[in-house]
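**Student:** Provided below for reference: sequence and predicted model.
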Amino acid sequence: MEMEELLPLIDTILIIISGTAVITGFVLIKKKMVDFHKYAMLTATVFAGLFLIVYVTRYLLYGSKLFVGEGWILGVYVAILASHVILSIAIIPLVLITLYRAFTRQFARHRAIARYTVPIWLYVVVTGWIIYLMLYHLPVENL
Ligand code: HEM
């Protein structure tokens, strides 16, 4: 496999690990397992950070890949991509504020913002995965 295809695959794996850790962290806090919640969410943050490093590296090396589909499928792709980009930028300060409030023990405020952080994080993960599949594995010629 070429480097140009390997990097997006690595990225998709990192983002999926990050999303899985977020879901795990959410389940753990519902079970009141605070320490494990903390470790799961920090793991999720580290993998999201690794994702960002690989993403920026790939972008600097190869630029952005254009979607080859046309018509309605292009419309679907652009809508998913636009929402993904906007929310993936918004998630960065959200995660930092969520962590800050946890580490400064403002847990009620932590919980209040985390209500937005978790679903937005998961949306970014799922749409990132869909974008990867559409860009690299969708047989658009047949649509
Ligand atoms: C970005 C990382 C994190 C996210 C997305 C996150 C997410 C959440 C969510 C969604 C809740 C509320 C669960 C519910 O509705 O019952 C929660 C609660 C909580 N989190 Fe986190 N968390 C993160 C990091 C941390 C860290 C690092 C710590 C520990 C230092 C921590 C400690 C807690 C505690 C103690 C609660 C319970 C608060 C309460 O019920 O009053 N969290 N977190």
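**Tutor:** All right, it came through fine. Residues are numbered from 1 along each chain as shown.
**Student:** for the residue at minimal distance from the centre of the chain, what are its contacts?
**Tutor:** Note on the chain: the residue nearest the mean C-alpha position is Val125, at 3.3 Å, using C-alpha atoms, centre = their mean. Counting by C-beta atoms under 8 Å, 6 or more residues apart in numbering, Val125 makes contact with 15-16, 18-19, 22. Placement of C-beta: from N, CA and C, glycine included.
**Student:** repeat that with 6 Å
**Tutor:** Val125 makes contact with 15, 19, according to C-beta atoms under 6 Å, 6 or more residues apart in numbering.
**Student:** What parts of this protein come near the ligand?
**Tutor:** Where the chain comes near the ligand, counting by C-beta under 6 Å from any ligand atom, the residues are 25-26, 29-30, 34, 37-38, 41-42, 45, 95, 98-99, 102-103, 107-108, 110-111, 114, 117-118.
**Student:** Just the buried ones from these, in PyMOL syntax?
**Tutor:** The PyMOL command for the buried members of the residues of the chain next to the ligand (criterion: 16 or more other C-beta atoms under 10 Å) is given here:
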select buried, resi 25+26+29+37+38+41+45+95+98+99+102+110+114+117+118
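**Student:** So, low pLDDT: which residues of this structure?
**Tutor:** Applying pLDDT under 70 to the chain picks out residues 140-143.
**Student:** what about the longest helix in this structure?
**Tutor:** Longest helix in the chain, counting residues (DSSP state H): helix 72-103.
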